[in-house]
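**Student:** give me a model of this one.
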Amino acid sequence: MIRFALFALFAPFVVVAQTPTTRIEDEGGRLVVMIGPIDVPLPDTAGHEGHGDHHAAMVYPPVGEVTIPFDAWAYAFRYEVVDGAGKPVPGAVLHHLNVIDPNQRDLFLPISYRVAAMGGETGRLGLPRLLFGHPLRGGQRLVISTMLHNPTGVAYHDVTVRFVFEYVKTGRPWPLFPVYTFQMDVMFPAGDKDFDLPVGRTAKWWQGSPAVTGRILGVGGHLHPNAERLVLEDVTTGDTIWQGRPILGDSGQLAGVSIGRLYRKLGVEVFPDHVYRATVIYENKTGATIPKGGMGLIAGVFMPSGPWPRPDMADQLYQLDRAHYLREVSGTLAEITGAAVPKPPAAAAHDHGSHQH
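**Tutor:** Numbers count the residues shown, from 1 in each chain. As a prediction, the model looks like this:
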């Protein structure tokens with residue numbers, strides 16, 4: 001059993017001493033969730049958790065909540081960052097942003113549903129709007145959890161992150177098919193998702209089974225520098241569904257991850273009685289361990305063949321995951337619980353976890 005009494009032993013995330021707000025506005029064809037304003041100082045003055053140099057520049061706006069104002073279909077997600085004067089701020093200051101619906105279940109785990117997850121290297125994610133749309137419900141409450149950092153060498157003041165749903169309202173003959181999002185992280189099932197990178201080659205993976213049958217229409221991911229590739233495979237059949245590579249900018253910095261537009265071939269069907277594995281591979285040639293230097297997240301768009309699953313809010317993993325994204329606890333799964341967590345039912349019959357070599 002997860003020992004929630006141990007939560008009090010771990011310090012909460014340090015939040016910058018400001019009062020940023022999270023709100024949502026309709027801009028006609030765009031629902032915009034705004035997080036901020038908040039300062040993003042240089043690393044030597046930023047609030048941090050004390051997890052080492054990698055986190056020294058991390059800034060944590062308080063977790064917020066917004067309510068969707070009307071029924072709509074979202075066909076694209078994107079973000080932008082601006083300062084107090086409305087001038088663009090480099091997208092690299094966004095470490096990650098998660099949009100979470102606690103009242104729906106994620107595809108591969110019995111935890112809260114991630115509507116969207118974006119990082120600094122994530123561009124606009126969209127599908128043909130006449131064909132596919134993600135349902136948004138009037139009154140739907142979404143939790144917004146954001147992490148900023150500053151790798152740019154310039155301090156920014158009164159920064160606002162704008163997360164955008166591009167949408168069409170319901171009542172039109174399109175889109176034709178409802179779709180949802182999914183994610184698989186190599187550090188599933190819960191807790192912090194970054195990990196140390198020792199010198200040399202590191203491979204980590206997690207595997208599990210989806211709650212419902214459906215088709216993966218598009219897939220991408222989130223990586224850190226020194227990554228070689230992300231891989232999604234069907235362990236049951238031995239087929240590779242997608243392999244993503246880092247995209248580098250002109251100066252060699254990580255600028256993105258390649259996208260798999262599987263809808264061009266009608267998607268790839270997945271089944272609850274198959275096991276699927278997410279793998280990330282890093283090569284650290286720096287000569288020293290990089291604390292918290294690795295992440296491996298696969299995220300995509302999924303068209304279910306039936307109703308989307310509902311969560312069991314009494315499930316231990318659901319409760320642990322919720323406490324973590326609300327920042328009531330922090331740390332790795334082992335640090336938070338002090339004990340092993342039961343495997344989710346979808347993966348209980350199969351070996352899963354991570355390995356490193």
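**Student:** mind naming the longest helix for the protein?
**Tutor:** Longest helix in the chain, counting residues (DSSP state H): helix 316-325.
**Student:** V159 should be in a helix, yeah?
**Tutor:** No. Applying DSSP: H, G, I helix; E, B strand; the rest coil, one finds V159 to be strand, outside a helix.
**Student:** so it touches D39, yeah?
**Tutor:** Yes. V159 lies in contact with D39 (Cβ atoms under 8 Å); the separation is 6.9 Å. Any C-beta I mention is one placed from the backbone N, CA and C, and that applies to glycine too.
**Student:** of these two, who's got more company?
**Tutor:** Taking other Cβ atoms under 10 Å, V159 and D39 do not tie; V159 has more neighbours (24 against 21).
**Student:** state the distance from the more buried one to P61.
**Tutor:** 9 Å (Cβ to Cβ, to the nearest Å).
**Student:** shared neighbours, the two?
**Tutor:** 36, 38, 148 (Cβ atoms under 8 Å, 6 or more residues apart in numbering).
**Student:** which parts of the chain are helices?
**Tutor:** Under the criterion DSSP H, the chain contains helices at 316-325, 333-337.
**Student:** report all helices and strands that the longest one contacts.
**Tutor:** Using 3 or more Cβ pairs under 8 Å, 6 or more residues apart in numbering; DSSP states H and E as the contact criterion, the secondary-structure elements in contact with helix 316-325 are strand 94-105, strand 112-119, helix 333-337.
**Student:** okay, these in TSV with mean pLDDT, mean neighbour count and distance to D239 next?
**Tutor:** Shown next, in TSV, are the helices and strands packed on helix 316-325 (pLDDT from 0 to 100; neighbours: other Cβ atoms under 10 Å; distance: least, Cβ to Cβ, whole Å):
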stretch	mean pLDDT	mean neighbour count	distance to D239
strand 94-105	93	20	26
strand 112-119	89	23	25
helix 333-337	77	18	29
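**Student:** would JSON lines of these with distance to H222 be doable?
**Tutor:** Shown next, in JSON lines, are the helices and strands packed on helix 316-325 (distance: least, Cβ to Cβ, whole Å):
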{"stretch": "strand 94-105", "distance to H222": "7"}
{"stretch": "strand 112-119", "distance to H222": "4"}
{"stretch": "helix 333-337", "distance to H222": "19"}
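**Student:** quick one: the most centrally placed residue in the chain and R78, what's the gap?
**Tutor:** Nearest to the geometric centre of the chain sits A117, at 3.5 Å (Cα atoms, centre = their mean). Distance, A117 to R78, by Cβ to Cβ: 13 Å.
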